[in-house]
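**Q** Build me a structure from this.
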Amino acid sequence: MKYLRKPFKYTYKNAVLIIALINAGVFVFTSLFRNLSAYLGLVPILVVEAQTYWQFFTYQFVHGDFFHLAFNMLALFFFGVPVERKIGTKEFILYYLLIGTIGGILSFLVYAATGFYTITLIGASGAIFGVLLLYAVLYPNSVIYIWGVIPVPAPLLILGYAVIELISIFSIGDGVAHLTHFIGLIAGWVYIRIRFGIKPLKVWNSTGR
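**A** You can find the predicted model right below:
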């Protein structure tokens, strides 16, 4: 893609696999030692009272059950591998971890401001939504099959997800971190504009012509 800047020297080291293995390892440990989830997951009341600031980073490696982990890692492999091949390993790691961490920080601020101090935020979904956005920007002609049947252009899927997650933010009690998902998309959008100099809508409009 002609717009793409490469701030780091391009290398490919399969960071997606390493990230997936770390997530799997954390899942094993948190399954064996249940108390670990309270220290690694993001709990606003602990951040406020015990200054557990590392949770802004570590929450994205914690998952509630096997299916939560499997779904996120499947999405990471499907979208993350082609993205990493395109931008290189160092850039991918920076993007992935930064989007996930920003998702944690901003989610904490919203939860704290609205009184949800005891909620526990876990999962890689915020970072993965950012990866999905970057995939749609780098591969705008790609078509994704929902449930393996319904073909949806990647840009349209992203826009649809953005609307769904924004509306779903106000759904209380469904156990899904819609706020963090939406923040992941917004943070990814800002990163892509500033770091790469790419305007996603411009790319998608050009693709549709």
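**Q** Show me the strands in this protein, by range?
**A** Using DSSP state E, the strands found in the chain span residues 143-146, 150-153.
**Q** could you dump these to TSV with mean neighbour count, mean pLDDT and distance to I45?
**A** Where C-beta positions appear, they are placed from N, C-alpha and C, glycine not excepted. Output for these, formatted as TSV (neighbours: other CB atoms under 10 Å; pLDDT from 0 to 100; distance: least, CB to CB, whole Å):
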stretch	mean neighbour count	mean pLDDT	distance to I45
strand 143-146	12	90	38
strand 150-153	12	93	40
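**Q** In CSV: the ones you listed, plus distance to H181.
**A** Compiled in CSV, those are given as follows (distance: least, CB to CB, whole Å):
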stretch, distance to H181
strand 143-146, 17
strand 150-153, 17
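**Q** so where's this protein uncertain?
**A** Scanning the chain for pLDDT under 70 picks out 1-7, 172-174, 208-209.
**Q** Show me the helices in this protein, by range?
**A** 15-32, 36-40, 44-50, 55-58, 66-87, 89-113, 125-138, 154-168, 178-191, 200-207 (DSSP state H).
**Q** closest to K9 out of those?
**A** helix 89-113 (7.7 Å; CB to CB).
**Q** ok, R85 - how many residues close by?
**A** Residues lying near R85 (other CB atoms under 10 Å) number 15.
**Q** most tightly surrounded among the helices of the chain?
**A** helix 125-138 (a mean of 27; mean count of other CB atoms under 10 Å).
**Q** Wait, I198 touches V137, no?
**A** Yes. Using CB atoms under 8 Å, I198 is in contact with V137, at 6.0 Å.
**Q** Overlap of the contact sets of those two?
**A** Common neighbours of I198 and V137, using CB atoms under 8 Å, 6 or more residues apart in numbering, are I192.
**Q** Need the residues that contact stretch 26-43.
**A** 46, 52, 55-56, 58-59, 61-63, 66, 69, 104, 107-108, 118-122.
**Q** how far out from the middle of the chain is that stretch?
**A** 19 Å (CA atoms, centre = their mean, to the nearest Å).
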